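just the structure for this:
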Amino acid sequence: MTNHFTLFADRALFNNHRKPCKYHDMHSYLKLEVIFMKKFPILLLILCSTSLIACSKGSQINGHNTSTAYRSVKALKNRLSPDARIEFEVSFWTLRDSIKNDKEFLNTIDGKKPEEIIALGKEIYQQRKNTGFAGYEKYANWDEMIAKFSKERIDQDSHKSKISEDPKDKANGVLYKL
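From the prediction side, this is the model:
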């Protein structure tokens, strides 16, 4: 009695001279399958490890060039709480303002976490405050400046919502009743 497997084996395992073909031997397939199944968990572990290593820098700024730096700052900013977000933004742009050279700026921020950027921003604020930098004299300290910027941001957000709900805009709509 022959089944599909033996018919397939007769055609695949033997060449024209009816000698076993070493590349199509069923035992070779089984050996390869066993080797693959033994190596597969190791390959899977290596793949997972490299992906975790690659994703671990998700909380740091990528400072390889300015566009990646701005993109990573935007992504980091969106993950922060509203208070920390404003402090991070102010610190980042304070750093950008104080370091004019692009390469030096990118080297400074590359690999930094938001907390480190905020610490650098506070240092620059204090240095500028001590030297009498224009614009900082109206703030007693860093926290007061951040509180003022937070209040301005809240006011801007509430003003935007009032503008979008203006009844005059609804009356001047383009939709017509037919």
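
name the residues of the strand or helix carrying F88 that are buried.
Following DSSP states H and E, one finds F88 within helix 82-98. Buried residues in helix 82-98, defined by neighbour count with 16 or more other CB atoms under 10 Å: R85, I86, E87, F88, E89, V90, S91, F92, T94, L95, R96, S98. Yep, even glycine has a C-beta here, placed from its N, CA and C like the rest.

which non-adjacent residue is nearest the fifth one?
Nearest-residue entry for E89: K77, 6.3 Å, with adjacent residues in sequence omitted and distances by CB to CB, 6 or more residues apart in numbering.

what helices or strands is the host helix or strand of D157 leaning on?
Following DSSP H and E, one finds D157 within helix 142-164. If contacts are counted by 3 or more CB pairs under 8 Å, 6 or more residues apart in numbering; DSSP states H and E, helix 142-164 sits against helix 82-98, helix 114-131.

what's the mean pLDDT across it?
If you average the pLDDT over helix 142-164, you get 80.

which residues touch it?
When contacts are defined by CB atoms under 8 Å, 6 or more residues apart in numbering, helix 142-164 is touched by residues P82, D83, I86, E87, V90, K122, Y125, Q126, Y136, Y139.

go on, stretch 101-120?
By CB under 8 Å, 6+ apart, the list of residues contacting stretch 101-120 reads 57, 59-66, 69, 76-77, 80, 84, 87-88, 91-92, 95-96, 99.

if you count neighbours, what's buried in that stretch?
By neighbour count with 16+ other CB under 10 Å, stretch 101-120 contains the buried residues F105, L106, T108, I109, K112, P114, I117, I118, L120.
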